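*Asks:* No sequence on hand, only this structure:
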């Protein structure tokens with residue numbers, strides 16, 4: 001490491017950043033989103049990519065599978081009546097890691113805004129089911145990661161600084177300085 005390179009804490013890095021979280025409904029995704037909401041109040045925006053047929057279904061999935069978990073008890077207690085202010089930092093995005101461009105349709109104004117606002121993408125989507133069909137496991141764990149990377153590099157207007165991918169305790173980090 002260069003002597004003039006400043007080491008920045010993760011919390012400082014998250015300040016005023018817009019982040020797309022892929023796999024937010026999974027085991028690691030739920031933990032990650034809760035942790036960010038609890039300890040990083042200055043994060044600008046969290047976009048949560050959830051697989052669903054439409055935005056309404058994705059929002060229902062967030063409410064039914066993520067927010068109701070006991071894991072979010074501390075966040076709810078910490079913010080109490082101000083919880084809605086914290087939840088306003090969340091935008092639920094309907095998409096799928098199996099699909100090119102993550103299934104995002106850029107003509108949608110919310111998605112257009114998201115693509116132009118992102119500082120980082122964190123891909124936590126994975127299947128750890130050892131009995132999973134080969135094509136599904138390959139699609140999520142390998143091709144999904146490639147789709148995430150391609151969706152970042154394919155959008156020329158993207159100001160993305162970092163892409164983080166987590167695979168069962170294996171981390172791949174791509175930084176664009």
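*Replies:* Yes, it's here. Keep in mind that what you see is a predicted model, and the values were worked out from it rather than measured.
*Asks:* When you work out contacts or count neighbours from here on, use the C-alpha atoms and nothing else.
*Replies:* Fine.
*Asks:* mind listing what the residue nearest to the spatial centre of the chain touches?
*Replies:* Residue closest to the average C-alpha location in the chain (Cα atoms, centre = their mean): residue 21, at 0.2 Å. For residue 21, the contacting residues are 29, 46, 47, 48, 49, 121, 122, 123, 124, by Cα atoms under 8 Å, 6 or more residues apart in numbering.
*Asks:* Could you do residue 50 as well?
*Replies:* 22, 23, 24, 25, 58, 61, 62, 92, 93, 94, 95, 96.
*Asks:* Rebuild the residues you listed as TSV, extending it with pLDDT.
*Replies:* Formatted as TSV, those follow (pLDDT from 0 to 100):
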residue	pLDDT
22	87
23	86
24	89
25	89
58	88
61	91
62	91
92	90
93	86
94	85
95	80
96	76
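*Asks:* Just the ones of these in helices?
*Replies:* 58, 61, 62 (DSSP state H).
*Asks:* Generate CSV for these, with distance to residue 148 and neighbour count as supplementary columns.
*Replies:* Below are these laid out as CSV (distance: Cα to Cα, whole Å; neighbours: other Cα atoms under 10 Å):
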residue, distance to residue 148, neighbour count
58, 19, 20
61, 21, 17
62, 21, 19
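*Asks:* Just give me the closest of the residues you listed to residue 38.
*Replies:* residue 62 (17.1 Å; Cα to Cα).
*Asks:* Is the closest one in contact with residue 25, as I believe?
*Replies:* Yes: between residue 62 and residue 25 there is a contact under Cα atoms under 8 Å: 7.3 Å.
*Asks:* Check which residues of stretch 78-95 are buried.
*Replies:* Buried residues in stretch 78-95, counting neighbours by 16 or more other Cα atoms under 10 Å, are found at 86, 89, 90, 91, 92, 93, 94, 95.
*Asks:* State the phi and psi torsions of the last one.
*Replies:* Summarising the backbone geometry of residue 95 under the convention degrees, to the nearest 10, its torsions are phi -170, psi -180.
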